[in-house]
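In: can't give you the sequence, but here's the structure:
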């Protein structure tokens with residue numbers, strides 16, 4: 001996903017401890033309760049290996065990473 005408005009990513013890989021539907025439901029529910037629906041403060045990118053939450057504000061990303069200890073920060077790098 002290449003959206004310069006959402007350049008502060010939090011990468012969360014599938015696997016322990018995020019290896020159950022219940023755990024992913026907790027992450028998604030907490031994210032929606034905290035940041036609202038996707039499109040305003042964040043967007044998501046999902047594939048078979050990971051989920052990336054892209055935030056507008058680096059402080060929102062930091063809150064997400066602190067709450068979800070296995071998440072790691074990444075930055076969007078746009079190539080021109």
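Out: Good, I have the coordinates. From a predicted model like this one, the values you see are computed outputs, not experimental measurements.

In: okay, CA-based contacts and neighbour counts for the rest of this
Out: Will do.

In: I figured residue 35 hits residue 41, correct?
Out: Yes: Residue 35 is within contact range of residue 41, at 6.3 Å (criterion: CA atoms under 8 Å).

In: measure residue 53 to residue 42 for me?
Out: Distance of residue 53 to residue 42, computed by CA to CA, to the nearest Å: 7 Å.

In: quick one, helices of the chain?
Out: 21-35, 58-67 (DSSP state H).

In: average pLDDT for the last one?
Out: By that I understand helix 58-67. Helix 58-67 shows a mean pLDDT of 94.

In: do the same with the longest one
Out: For helix 21-35, the mean per-residue pLDDT is 90.

In: check stretch 6-13 too.
Out: Across stretch 6-13, the average pLDDT comes to 91.

In: next, residue 39: phi, psi?
Out: Per-residue torsions, residue 39: phi 120, psi -30 (degrees, to the nearest 10).

In: tell me the centre residue of this structure?
Out: By CA atoms, centre = their mean, the mean C-alpha position of the chain lies nearest to residue 53, the distance being 2.0 Å.

In: compute the number of surrounding residues for residue 13.
Out: Residue neighbour count, defined by other CA atoms under 10 Å, stands at 19 for residue 13.
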